[in-house]
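**Student:** coordinates only, no sequence provided:
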Ligand code: URA
């Protein structure tokens, strides 16, 4: 494998042919191409980009570097949701059991926290005993029995992407639209899906804050899905403030359980229903998004959605009693209010500062080998636009010790900006994107 020649060609603005991508990614997954050459190629792609044919070829090459789930024997549609990442984004925990109860199979493959953003796997693993690394035959069995499995990327799925992604994180080449699109879609296509819904975040706490870049990413992934016979719908959603109130691991699980019981914060429920409606329509369970929403409301009010979550937890080795008694989740030793330092209006609740603050409390990683403390984090009740008085509680700090409480106070003082007036926050959902293009969001279900 002449990797050097390919790097040089890409660096000079040239293109790499499909057979070359295939050979390169096979050799990389087999350990025959060193990381330093792949890092150089990733940087060349970051600056030069990929054309449509190259993007499809790279995605295929990463997809076929490993195994795929064959779920064709399942009658129901198979739809996953992917979020580009945020703070307080616990939608997957609520959505997966909810959509499964409503008749669509959800083979949900999630990731760990990255940078300032939280990860679904870390949240799930705060449930005592919960295992996210399941052998593929067990995943299939669980999908047959419960319609849902909540797993991480196994060694068998897209191994070339797994290696390349870790390398990109270390070489500042994550924020490349073709590399992000190929990385996400290679894993999603390996799940044997009949549809995919994307939650593309925008705003200051998103990896790609600008609307145009978010739209470009959505369109790129939709095109890749279309090339592989997997319809993709994307919603562009706000990450200029955290989603819901809880930001951390165990406390986000608790908020998700409340949501499955019909007691979730309004923004979390609105986004969950919007994404879920797309999944149910794509999966063929309902004809319209309105009907889908009604079905999800019944799944929650009947207790079936919470019960399905409980059974999924049990099947994956976790303690199912957390659903009835969330106090069984890891609890922080220290828990203190944070109050408004002055009268005014909440101008900002900055997700990046909160995400980094969780890491400072021990709830996130600065290197892959870090062990996280699932109990720490913040519950932020203040929302942009709220009028507040000095001394009024704006949130709660969950920490390991007094030093953590101090660090948490400093985080919230940075993150929650109180001013004399404030610009309106971004709309929670601003656009819906399909193969036909992007349209402003009007539908609220
Ligand atoms: N998530 C992924 O799986 N890959 C990326 O490149 C970015 C986010």
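**Tutor:** Good, I have the coordinates. It should be emphasised that the depicted structure is a prediction, and the values quoted were computed from it without experimental measurement. Numbers count the residues shown, from 1 in each chain.

**Student:** just the strands in the stretch 51-200 of the chain please.
**Tutor:** 79-83, 106-110, 148-152, 195-202 (DSSP state E, counting those that start in this stretch).

**Student:** so who does the residue lying closest to residue 418 once chain neighbours are set aside touch?
**Tutor:** Excluding the flanking residues, the one nearest residue 418 by CB to CB, 6 or more residues apart in numbering is residue 344, at 4.1 Å. In short, each C-beta sits where N, CA and C put it, glycine included. With contact set as CB atoms under 8 Å, 6 or more residues apart in numbering, residue 344 has these partners: 387-388, 418-420.

**Student:** give me phi/psi at residue 344?
**Tutor:** Main-chain torsions, residue 344, degrees, to the nearest 10: phi 150, psi -160.

**Student:** where's it relative to the ligand, distance?
**Tutor:** Using CB to the nearest ligand atom, to the nearest Å, we find residue 344 at a distance of 36 Å from the ligand.

**Student:** need the pLDDT of that residue.
**Tutor:** Here the pLDDT value assigned to residue 344 is 98.

**Student:** what is the neighbour count of whichever residue of the stretch 51-200 of the chain sits closest to the ligand?
**Tutor:** Proximity of the stretch 51-200 of the chain to the ligand (CB to the nearest ligand atom) peaks at residue 183, 3.5 Å away. Residue 183 has 22 neighbours, counted by other CB atoms under 10 Å.

**Student:** for it, give its distance to residue 64.
**Tutor:** Residue 183 sits 15 Å away from residue 64, taking CB to CB, to the nearest Å as the criterion.

**Student:** number of residues surrounding the nearest residue to residue 10 once chain neighbours are set aside?
**Tutor:** With CB to CB, 6+ apart as the criterion, residue 10 has its nearest non-adjacent residue at 4.2 Å, and that residue is residue 44. For residue 44, the neighbour count with other CB under 10 Å is 21.

**Student:** in terms of helices and strands, where is residue 44?
**Tutor:** Counting by DSSP states H and E, the element that carries residue 44 is helix 35-48.

**Student:** flag the shaky bits of this protein, pLDDT-wise.
**Tutor:** 443-445 (pLDDT under 70).

**Student:** returning to what we had before: which residues does the residue nearest to residue 418 bridge with?
**Tutor:** With DSSP bridges as the criterion, residue 344 is bridged to residue 388.

**Student:** ok, the residue positioned nearest the centre of the chain to residue 230 distance?
**Tutor:** By CA atoms, centre = their mean, the chain has its centre lying nearest to residue 83, at 3.6 Å. As judged by CB to CB, residue 83 and residue 230 stand 17 Å apart.

**Student:** residue 237 should be in a strand, yeah?
**Tutor:** Yes. Assessed with DSSP: H, G, I helix; E, B strand; the rest coil, residue 237 lies in a strand.

**Student:** just checking, it touches residue 271?
**Tutor:** Yes. Contact status for residue 237 versus residue 271: in contact at 6.1 Å, counting by CB atoms under 8 Å.

**Student:** so which of those two has more stuff around it?
**Tutor:** Per other CB under 10 Å, whichever of residue 237 and residue 271 has more neighbours is residue 237, with 31 against 23.

**Student:** how are the helices of the stretch 101-250 of the chain distributed by residue range?
**Tutor:** 120-124, 136-146, 159-170, 177-189, 211-227, 250-260 (DSSP state H, counting those that start in this stretch).

**Student:** for those helices, which one sits closest to residue 32?
**Tutor:** Nearest of these to residue 32, taken as CB to CB: helix 159-170 at 11.5 Å.

**Student:** now for the closest one, which elements pack on it?
**Tutor:** In terms of contacts (3 or more CB pairs under 8 Å, 6 or more residues apart in numbering; DSSP states H and E), helix 159-170 is packed against helix 18-29, helix 35-48, helix 52-63, helix 177-189.

**Student:** figure out which of these is closest to residue 5.
**Tutor:** Distance to residue 5, taken as CB to CB, is lowest for helix 18-29 among these, at 9.2 Å.

**Student:** and that closest one, what's buried?
**Tutor:** Of the residues in helix 18-29, those with enough neighbours to count as buried (16 or more other CB atoms under 10 Å) are 20-26, 28-29.

**Student:** and it, what does it pack against?
**Tutor:** Secondary-structure packing of helix 18-29 (3+ CB pairs under 8 Å, 6+ apart): helix 3-11, helix 52-63, helix 159-170.

**Student:** the first one to helix 35-48, inter-axis angle?
**Tutor:** For helix 3-11 against helix 35-48, the angle between stretch directions is 10 degrees (axes from the mean of the first three to the mean of the last three CA atoms, to 10 degrees).

**Student:** can you check the last one too?
**Tutor:** Counting by the same axes, to 10 degrees, helix 159-170 points 70 degrees away from the direction of helix 35-48.

**Student:** intersection of neighbour lists for residue 237 and residue 271?
**Tutor:** 199, 428-429.

**Student:** most neighbours among those residues, which one is it?
**Tutor:** In those, the most neighbours by other CB under 10 Å go to residue 199, 26 neighbours.

**Student:** list the contacts of the closest residue to that one other than its chain neighbours.
**Tutor:** Excluding its sequence neighbours, the residue lying closest to residue 199 (CB to CB, 6+ apart) is residue 83, at 4.1 Å. Contact analysis of residue 83 by CB under 8 Å, 6+ apart lists 89, 91-92, 198-199, 201.

**Student:** the ligand contacts on the stretch 101-250 of the chain?
**Tutor:** 111, 165, 174, 179-180, 183-184 (CB under 6 Å from any ligand atom).

**Student:** how about those in JSON lines, adding distance to residue 213?
**Tutor:** Output for these, formatted as JSON lines (distance: CB to CB, whole Å):
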{"residue": "111", "distance to residue 213": "20"}
{"residue": "165", "distance to residue 213": "19"}
{"residue": "174", "distance to residue 213": "13"}
{"residue": "179", "distance to residue 213": "13"}
{"residue": "180", "distance to residue 213": "10"}
{"residue": "183", "distance to residue 213": "16"}
{"residue": "184", "distance to residue 213": "15"}
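
**Student:** hmm, residue 376 is touching residue 398, no?
**Tutor:** Yes. Counting by CB under 8 Å, residue 376 touches residue 398, with 5.3 Å between them.

**Student:** shared neighbours of those two, anything?
**Tutor:** With CB under 8 Å, 6+ apart, residue 376 and residue 398 have common neighbours 248, 332, 361.

**Student:** follow-up on the earlier one: looking at the helices and strands packed on helix 159-170, which one is packed in the most?
**Tutor:** helix 177-189 (a mean of 24; mean count of other CB atoms under 10 Å).
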